[in-house]
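Participant: 3D model of this:
(one chain, ligands or ions: 1)
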Amino acid sequence: MDETMKGRVCLVTGATQGIGRETAHALAARGARVTIVGRDPARGQAVVDEIRAATGNPAVELLVADLSSLASVRALAAEVRKRHDKLHVLVNNAGAIFTRREVTVDGLERTFALNHLAYFVLTELLVDVIRASAPARIVNVASGAHSRGRVHFEDLQSEKHYNGMLVYCTSKLENLYFTYELARRLAGSGVTVNAAHPGPVATGWGHNTPGFFNVLVTLGKPFLRTPKKGAETLIYLASSPEVEGVSGRYFFNCRAKRSSRRSYDEAAARRLWEMTEAITRGPSPAPAAPST
Ligand SMILES: NC(=O)c1ccc[n+]([C@@H]2O[C@H](COP(=O)([O-])OP(=O)(O)OC[C@H]3O[C@@H](n4cnc5c(N)ncnc54)[C@H](OP(=O)(O)O)[C@@H]3O)[C@@H](O)[C@H]2O)c1
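Facilitator: Residues are numbered from 1 along each chain as shown. The predicted structure is shown next:
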């Protein structure tokens with residue numbers, strides 16, 4: 001075990017498989033205290049046991065949460081705060097694509113809730129602990145797919161029109177709006193915020209949903225990166241001294257690169273921030289919309 005992350009407390013969502021699992025594994029191998037988040041207790045505990053055994057690091061734990069539920073995200077944040085008074089690295093990674101439009105327990109479109117709202121709310125509820133742990137880092141897993149996204153502010157829940165791929169792309173653009181806006185708000189705090197594109201990776205992505213995406217990723221598997229390769233940029237952003245102090249950037253293959261022109265629209269990023277706050281405030285985040 002190398003000890004470069006010893007004493008650092010890290011939280012990785014979506015760490016039961018794919019890129020998140022590799023990231024949690026690598027951070028544990030560098031000596032960090034790692035909390036992984038998964039929604040399935042048995043699958044999550046199996047990953048904890050596997051990482052502990054492979055790295056020899058006993059400081060790996062599981063917290064169970066369904067990140068598509070706002071109540072569950074809030075409970076997760078409360079539990080993290082109860083267990084840890086420091087949080088040096090938050091990796092917002094859990095995400096998925098859905099062929100057909102689905103609605104969460106909060107009445108929200110599922111891609112938006114999981115891929116965007118969970119990043120936003122978990123970060124918001126932990127940001128004071130992260131600030132108090134500075135130097136600290138937030139890594140948001142986005143995607144090159146963001147370049148095809150477009151936020152329809154008048155239809156954030158995709159009620160008027162739903163195309164699974166485009167809604168996914170939009171959620172990844174929302175990850176960039178969130179990253180850049182949060183970086184502006186945290187400037188000077190010692191907390192950096194960056195977005196990562198892992199590249200096309202053979203993971204569980206697309207397997208959760210029936211139909212086209214499932215077939216696409218199954219047929220494409222030989223041409224995709226391994227999860228280990230896909231996780232490299234996340235691990236780099238979470239742990240490398242090379243990016244100490246670097247914030248508000250988009251990384252691919254461990255290099256900063258420009259994201260789409262649209263993703264730098266500051267007015268859109270602020271507008272999304274304010275609308276997201278409005279949705280997530282209060283006991284009833286959003287009324288279930290009548291289906292058309
Ligand atoms: N794979 C790619 O080619 C690719 C490319 C660009 C970006 N990305 C991004 O990379 C991130 C990780 O994806 P991946 O490729 O590693 O996919 P994955 O293998 O399907 O992993 C997704 C992770 O998210 C978790 N998750 C899904 N829904 C959840 C929920 N409601 N509550 C809590 N956890 C939930 C999954 O848990 P379960 O084990 O319970 O399902 C799993 O641990 C995503 O943000 C994705 O958009 C992936």
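
Participant: around the ligand, which positions in the stretch 1-150 of the chain sit nearby?
Facilitator: 14-20, 38-40, 43, 65-68, 93-96, 114, 141, 143 (Cβ under 6 Å from any ligand atom). Backbone N, C-alpha and C define where each C-beta goes, glycine included.

Participant: mind listing which of these are in strands?
Facilitator: G38, V141 (DSSP state E).

Participant: helix or strand for I36, just tell me which one.
Facilitator: strand 33-38 (DSSP states H and E).

Participant: buried stuff in the longest helix belonging to the chain?
Facilitator: Using DSSP state H to define each element, the chain has its longest helix at helix 164-185. The neighbour-count check on helix 164-185 (16 or more other Cβ atoms under 10 Å) flags 164, 166-183 as buried.

Participant: chain center to stretch 222-231, what's the gap?
Facilitator: Relative to the chain's own centre, stretch 222-231 is displaced by 18 Å; criterion: Cα atoms, centre = their mean, to the nearest Å.

Participant: what's the answer for stretch 239-254, then?
Facilitator: Taking mean C-alpha positions (Cα atoms, centre = their mean), stretch 239-254 and its chain are 16 Å apart.

Participant: that one near the ligand anywhere?
Facilitator: No. Stretch 239-254 lies out of reach of the ligand by Cβ under 6 Å from any ligand atom, never closer than 9.8 Å.

Participant: any regions of the stretch 151-292 of the chain where pLDDT drops low?
Facilitator: For the stretch 151-292 of the chain, the stretches with pLDDT under 70 are 282-292.

Participant: can you give me the helices in it?
Facilitator: Taking DSSP state H, counting those that start in this stretch as the criterion, the stretch 151-292 of the chain contains helices spanning 164-185, 212-220, 227-230, 232-239, 266-280.

Participant: how about a markdown table for the ones you listed, with distance to D155 added?
Facilitator: Shown next, in a markdown table, are those (distance: least, Cβ to Cβ, whole Å):
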| stretch | distance to D155 |
| --- | --- |
| helix 164-185 | 10 |
| helix 212-220 | 22 |
| helix 227-230 | 31 |
| helix 232-239 | 31 |
| helix 266-280 | 12 |
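
Participant: what's the closest of those helices to L76?
Facilitator: helix 266-280 (14.1 Å; Cβ to Cβ).

Participant: list the buried residues for that closest one?
Facilitator: Using 16+ other Cβ under 10 Å as the test for burial, helix 266-280 gives A268, A269, L272, W273, T276, I279, T280.

Participant: next one: stretch 90-106
Facilitator: Buried, per 16+ other Cβ under 10 Å, within stretch 90-106: 90-99, 101-104, 106.

Participant: for the residues you listed, which one is nearest the ligand?
Facilitator: Here the nearest of these to the ligand, counting by Cβ to the nearest ligand atom, is G95; it sits at 2.5 Å.

Participant: the closest one contacts L114, doesn't it?
Facilitator: Yes. The criterion here is Cβ atoms under 8 Å, and G95 meets it with L114 at 6.3 Å.

Participant: OK, contacts around V37?
Facilitator: 11-15, 44, 62-65, 67, 76, 94 (Cβ atoms under 8 Å, 6 or more residues apart in numbering).

Participant: over to G149?
Facilitator: Here G149 is in contact with L166, C169, T170, S171, K172, L173, E174, R262 (criterion: Cβ under 8 Å, 6+ apart).

Participant: name the nearest residue to it, ignoring sequence neighbours.
Facilitator: Nearest residue to G149, sequence neighbours excluded (Cβ to Cβ, 6 or more residues apart in numbering): L173, at 3.3 Å.

Participant: for A77, same thing?
Facilitator: L125 is the one closest to A77 (Cβ to Cβ, 6+ apart), at 3.6 Å.

Participant: contacting residues for that neighbour?
Facilitator: V73, R74, A77, A78, R81.

Participant: for W273, same thing?
Facilitator: W273 touches Y177, F178, E181, counting by Cβ under 8 Å, 6+ apart.

Participant: quick one: it and R137, what's the gap?
Facilitator: Separation of W273 from R137 (Cβ to Cβ, to the nearest Å): 20 Å.

Participant: thought G18 was touching H207?
Facilitator: No. Using Cβ under 8 Å, G18 makes no contact with H207, being 9.9 Å away.
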